[in-house]
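[1] sequence? don't have it. structure:
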């Protein structure tokens, strides 16, 4: 089944404790992206990647890092989480450059709480 | 920068009735893509319908249809014969058609929470 997976689905952590949220897709998509969703703000892009070793900042990158060492994986790293990073996080992928469907496929979301 | 506005934070509809969710956007681009995503309580983001700006015909998908008014920069979603399973948060989103990483971003509205009453 074609899908985007994220782990963990739920995470409660404390301020300053480094964490990684994994994202993996099995559709051979070039483009991957991370969004955060906050009440009243919709979804906002954090980082994106055009392909292996090609990443760039989105609209709200502060406090986050990413890496793209393999085409299928795009982890989101919070090196020193703070309470304002409490949010719902989505990973998405899209076959840019291969298909012109422009549809982005979303993972199931990760609910992160930083206390 | 493009912006997407959903002016209705919440809407409600009776089962089997029709409801229209509003979306307006601002862009200087002449070509673009518009989407409606549904987010049920499971939080999964589900693509409902897609409209390409160069197409004059409004997109339809079963009970879902859009009213795309390019000059007015309006993109409303109509749900006919509403069902209990339609209850969800609905997001309107914009995407540039041009190449380049930053152009692939989806710009979302703040969402409209739809309640379906039995």
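    Everything's here; your move. Predicted model only: the values in this text are computed from it and were never measured. Numbering: from 1, shown residues only, chains lettered A, B, ... in the order given.

[2] what stretches of chain B score poorly on pLDDT?
    Applying pLDDT under 70 to chain B flags no residue at all.

[3] Centroid-nearest residue for it?
    By Cα atoms, centre = their mean, chain B has its centre lying nearest to residue B:36, at 2.9 Å.

[4] next one: chain A
    residue A:34 (2.9 Å).

[5] Hmm, residue B:36 is touching residue B:89, no?
    No - counting by Cβ atoms under 8 Å, residue B:89 is not a contact partner of residue B:36; they are 11.2 Å apart. Using the backbone N, CA and C atoms, a C-beta is placed for each residue, glycine as well.

[6] Show the contacting residues for residue B:39.
    For residue B:39, the contact set (Cβ atoms under 8 Å, 6 or more residues apart in numbering or on different chains) comprises B:45-46, B:88-91, B:111.

[7] residues near residue 77, how many?
    Assuming you mean chain A. Residues near residue A:77, counting by other Cβ atoms under 10 Å in any protein chain shown, number 14.

[8] let's do chain B instead
    Neighbour tally, residue B:77, other Cβ under 10 Å: 25.

[9] ok, it to chain A distance?
    Separation of residue B:77 from chain A (Cβ to the nearest Cβ, to the nearest Å) stands at 15 Å.

[10] Can you name the residues bridging to that residue?
    Applying DSSP bridges to residue B:77 gives these bridge partners: residue B:21, residue B:66.

[11] again with residue B:26
    For residue B:26, the beta-bridge partners under DSSP bridges are residue B:3.

[12] Sketch out the helices for chain B, chain order is fine.
    Using DSSP state H, chain B contains no helices.

[13] near chain A, which residues of it?
    Proximity of chain B to chain A (Cβ under 8 Å from any Cβ of the partner chain) is limited to residues B:4, B:33, B:35, B:42-45, B:47, B:50, B:91, B:95, B:97, B:99, B:101-102, B:104-106, B:108-111.

[14] returning to what we had before: gap between the residue nearest to the centre of chain B and chain A?
    From residue B:36 to chain A the distance is 12 Å (Cβ to the nearest Cβ).

[15] give the contact list for that residue.
    B:21, B:23, B:47-49, B:64, B:66, B:75, B:77, B:90-93.

[16] Can you tell me which of these is closest to residue A:54?
    For the contacts of residue B:36, the closest approach to residue A:54 (Cβ to Cβ) belongs to residue B:93, at 23.3 Å.

[17] Now do that closest one against residue B:6, distance only.
    The gap separating residue B:93 from residue B:6 is 10 Å, by Cβ to Cβ, to the nearest Å.
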